[in-house]
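S.K.: Here's a sequence, model it:
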Amino acid sequence: MYVTRVPNRNSPPAVLLRESYRDGKKVKSRTLANLSGWPEAKVNALKSVLKGEIPKEEMID
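M.R.: Reported below is the predicted structural model:
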């Protein structure tokens, strides 16, 4: 799974949660959720979690 931004002509880009999969020899992607309404900090935290990192907001010093 990964988060991507898709250009949207005259509107802000769409922020999508996607997964990639194979259909025979072709690689395809499937949209799981539209995250466009999420705040930027929440999207960045999700990206960190998907990479296996601890989000910066939850780090303990």
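S.K.: For the closest residue to L46 other than its chain neighbours, give the beta-bridge partners.
M.R.: Once flanking residues are discounted, L46 sits nearest to V3: 6.2 Å by CB to CB, 6 or more residues apart in numbering. Bear in mind the C-beta positions are built from the backbone N, C-alpha and C, glycine included. Listed beta-bridge partners, V3: L17 (assigned using DSSP bridges).
S.K.: got a list of what V3 touches?
M.R.: V15, L16, L17, R18, L35, V43, L46, K47, L50 (CB atoms under 8 Å, 6 or more residues apart in numbering).
S.K.: Correct me if wrong: the second one contacts P7.
M.R.: No. With the criterion set as CB atoms under 8 Å, L16 and P7 do not qualify as a contacting pair; they are 11.7 Å apart.
S.K.: the more surrounded of the two?
M.R.: The residue with more neighbours, out of L16 and P7, is L16; 17 against 8, by other CB atoms under 10 Å.
S.K.: Which neighbouring elements make contact with the helix or strand bottoming out on mean pLDDT in the chain?
M.R.: Ranking every helix and strand in the chain by mean pLDDT, DSSP states H and E puts helix 40-50 at the bottom, with a mean of 90. Counting contacts by 3 or more CB pairs under 8 Å, 6 or more residues apart in numbering; DSSP states H and E, helix 40-50 is packed against strand 2-8.
S.K.: one more time with 10 Å, if that's ok
M.R.: Applying 3 or more CB pairs under 10 Å, 6 or more residues apart in numbering; DSSP states H and E, one finds that helix 40-50 contacts strand 2-8, strand 11-23.
S.K.: JSON lines for those strands, including mean pLDDT and distance to R30?
M.R.: Output for those, formatted as JSON lines (pLDDT from 0 to 100; distance: least, CB to CB, whole Å):
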{"stretch": "strand 2-8", "mean pLDDT": "94", "distance to R30": "11"}
{"stretch": "strand 11-23", "mean pLDDT": "95", "distance to R30": "5"}
